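Asker: I would like the atomic coordinates for the input below:
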Amino acid sequence: MGVDIGSLLVKHPIGFDSLQGRRVAIDAYNTIYQFLSTIRQRDGTPLMDSKGRITSHLSGLLYRVSNMVEMDIRPIFVFDGEPPKFKQKTIEKRQAQKAESQRKLEEAISRGEKELKTYAQGTVRLTGEIIDESKALLDMMGIPVVQAPSEGEAEASRMVNEGLAYAVGSQDYDSILFGATRLARNLTLSGRRKLPSKGVWVEVEPELIDSAESLKALGIDRRKLVWAAIMIGTDYYEGVKGIGPKKGLAIVQKSSSLKESFELAKAGESYGQNEAELEEIERFFMEPPKPKDEPHIRFKEPDKDRIMDFMCGQHEFMIERVETALAKMSKKEDVKGQSKLEGWFG
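Answerer: Numbering: from 1, shown residues only. Have a look, this model is predicted:
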C-alpha cells in the first residue's frame with residue numbers, strides 16, 4: 001500500500017530515454033502486484049491458462065520488461081524477505097480487506113454486473129507460487145533477481161545509495177523514507193490507463209523524484225519526513241487520526257523528535273502507549289536490515305528455448321507474441337555481436 005506522501009514530493013515527468021543505459025532496482029512485489037491487478041479481463045478475471053493457473057504476472061514480466069530492455073533500461077528485481085514483526089497488523093488487515101472484496105465481487109456477479117474489474121482488483125493475492133514463477137521467468141530472461149533480507153524497497157534503496165543502481169522503480173513512495181536518492185515511478189504502467197473509480201482515461205507517464213530536491217523544498221531532513229509518514233500512516237503504523245500530509249509536514253517542521261511530533265498532533269497518549277514500537281519503526285526506516293553478502297548482479301543472454309517452453313508449452317501463450325518479446329531483448333547487437341543483455345556486463 002505504501003505511505004501517502006506523494007503530494008509532498010517534487011515530481012519530474014521523464015522520458016524512457018533518460019533512463020537509457022541505467023540500472024533500476026525494481027520493487028518486485030509492488031510491480032508484480034500491479035500486473036496482477038491491471039492485467040485482467042473486463043469481467044475481472046485474471047489471465048489464466050487452460051488449467052486455471054493465473055498468468056497475468058507472467059504476461060507483465062515478459063512483455064513489459066522486454067520493452068524496458070529494448071529501450072536499454074537495465075531492471076534488477078528486488079524481492080521481499082522477512083517482513084518486520086510490526087507489519088503483522090497490516091498484513092492481517094489486508095487479508096480481511098481481500099475477504100471483504102471477494103464477498104463484494106461475488107455479490108456483483110450475482111447481480112449480473114458485467115464490469116467487475118474494480119471489484120476483482122481488491123482480491124489480488126501474491127502467492128508463493130506466483131513469486132517462484134516470477135523469479136524463474138526473470139532468470140530465464142537473464143534479468144538479475146535480488147533477495148532482500150526484509151523489505152524489498154529498503155534493499156533497493158540501499159543499492160541505489162551504494163551505486164549499484166541509478167533509481168528505485170516502484171509505485172510507492174516508501175523508498176524515499178528508506179533513503180533512496182531517486183525514485184522512478186510508472187515504469188511498467190505508462191500509457192493510457194482507465195481509472196476504475198472514475199471511469200475516465202488518463203495518460204500515465206514515467207516520473208522521477210529526487211529525494212534531496214524534495215527534502216530541500218520541504219525544509220526538512222529525511223528523519224523528519226519519516227516522522228510525518230508515521231503520523232500520516234504507514235504499513236507499520238496506522239497513523240494519527242486527522243493527520244494528513246500537510247498537517248504532518250507542518251508539525252514536523254516545528255518538532256525535534258518523533259515524540260514531540262505526536263504531542264503537537266495531540267496524540268501524546270498514543271505515543272506513550274506505543275513508544276517502543278514507534279521508536280523501532282523509526283529506526284527501521286533510518287537503518288533497515290542489510291544483506292550479509294553483497295548481491296551478485298549479472299545480466300545474461302535470455303534462454304529462448306526455456307522461455308518458449310515455459311510460456312508457450314506450459315502456459316499456452318501465443319508463440320508469435322513471445323517471439324516478438326524475445327526479439328526485443330536481443331534486437332540490437334554491438335560490433336562484437338553481443339546481444340543487448342550480454343553487452344551490458346559481458
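
Asker: strands along the stretch 201-346 of the chain, start to end?
Answerer: For the stretch 201-346 of the chain, the strands defined by DSSP state E, counting those that start in this stretch cover 207-210.

Asker: flag the shaky bits of it, pLDDT-wise.
Answerer: 201, 331-346 (pLDDT under 70).

Asker: now the closest residue to residue 235 other than its chain neighbours: how far from residue 83?
Answerer: Once flanking residues are discounted, residue 235 sits nearest to residue 90: 4.9 Å by Cβ to Cβ, 6 or more residues apart in numbering. For glycine as for every other residue, the C-beta is placed from the backbone atoms N, C-alpha and C. Separation of residue 90 from residue 83 (Cβ to Cβ, to the nearest Å): 9 Å.

Asker: neighbour-wise, which of the two wins?
Answerer: residue 90 (17 against 14; other Cβ atoms under 10 Å).

Asker: for the more buried one, pull up the helix or strand it's in.
Answerer: In this assignment (DSSP states H and E), residue 90 forms part of helix 88-110.

Asker: was I right about the residue nearest to residue 235 contacting residue 281?
Answerer: No - the pair residue 90 / residue 281 is not scored as a contact, 11.5 Å apart, by Cβ atoms under 8 Å.

Asker: mutual contacts of those two, please.
Answerer: Listed contacts common to residue 90 and residue 281 are residue 236; contacts here mean Cβ atoms under 8 Å, 6 or more residues apart in numbering.

Asker: the residue lying closest to residue 262 once chain neighbours are set aside: neighbouring residues, count only.
Answerer: Nearest non-adjacent residue to residue 262, counting by Cβ to Cβ, 6+ apart: residue 271, 3.7 Å away. Residue 271: 21 surrounding residues under other Cβ under 10 Å.

Asker: residue 271 is in contact with residue 263, isn't it?
Answerer: Yes - when contacts are counted by Cβ under 8 Å, residue 271 is listed as touching residue 263 (7.1 Å).

Asker: what does stretch 204-211 contact?
Answerer: Contacts of stretch 204-211 (Cβ under 8 Å, 6+ apart): 9-16, 18-19, 167, 173, 176, 179-187, 189-193, 222.

Asker: just for the stretch 1-150 of the chain, where's the confidence low?
Answerer: Residues of the stretch 1-150 of the chain that meet the cut-off, pLDDT under 70, sit at 1-2, 91, 94, 98, 101-102, 105-109, 114-123.

Asker: that one: strands as residue ranges?
Answerer: Going by DSSP E, counting those that start in this stretch, the stretch 1-150 of the chain shows strands at 11-13, 23-27, 74-79, 145-147.

Asker: what is the burial count for the closest residue in space to residue 312 that isn't next to it in sequence?
Answerer: In this structure, residue 312 finds its nearest non-sequential neighbour in residue 319, 5.2 Å apart by Cβ to Cβ, 6+ apart. If you count neighbours by other Cβ under 10 Å, residue 319 ends up with 12.

Asker: ok, now residue 61?
Answerer: 26.

Asker: gap between it and residue 77?
Answerer: 9 Å.

Asker: what sits in contact with each of the two?
Answerer: Shared contacts of residue 61 and residue 77, counting by Cβ under 8 Å, 6+ apart, come down to 134, 138.

Asker: would you mind giving the domain segments of the chain?
Answerer: Following automatic domain parsing, the chain resolves into domains at 6-213, 219-286.

Asker: how much space between the residue nearest to residue 164 when sequence neighbours are not counted and residue 305?
Answerer: Leaving aside its chain neighbours, residue 164 sits nearest to residue 297 (6.5 Å; criterion: Cβ to Cβ, 6+ apart). Distance of residue 297 to residue 305, given as Cβ to Cβ: 24 Å.

Asker: show me which of those two is the more surrounded one.
Answerer: The residue with more neighbours, out of residue 297 and residue 305, is residue 297; 16 against 9, by other Cβ under 10 Å.

Asker: wait, the more buried one touches residue 145, no?
Answerer: No - contact criterion Cβ under 8 Å: residue 297 and residue 145 do not qualify, at 9.5 Å.

Asker: what sits in contact with each of the two?
Answerer: Joint contacts of residue 297 and residue 145 (Cβ under 8 Å, 6+ apart) are residue 76.

Asker: what helix or strand is residue 175 on?
Answerer: helix 174-177.

Asker: what helices and strands are in contact with that helix?
Answerer: Applying 3 or more Cβ pairs under 8 Å, 6 or more residues apart in numbering; DSSP states H and E, one finds that helix 174-177 contacts helix 152-161, helix 222-232.

Asker: please repeat the previous calculation with a cut-off of 10 Å.
Answerer: When contacts are defined as 3 or more Cβ pairs under 10 Å, 6 or more residues apart in numbering; DSSP states H and E, helix 174-177 packs onto strand 23-27, helix 152-161, strand 167-169, strand 182-185, strand 207-210, helix 211-218, helix 222-232, helix 275-286.

Asker: how much space separates the closest residue to residue 311 other than its chain neighbours from residue 327?
Answerer: Among residues not flanking residue 311 along the chain, residue 317 sits closest, at 4.3 Å (Cβ to Cβ, 6+ apart). Taking Cβ to Cβ as the measure, residue 317 falls 15 Å from residue 327.

Asker: contact partners for residue 136?
Answerer: Contacts for residue 136 (Cβ atoms under 10 Å, 6 or more residues apart in numbering) come out as 58, 145, 306, 310.
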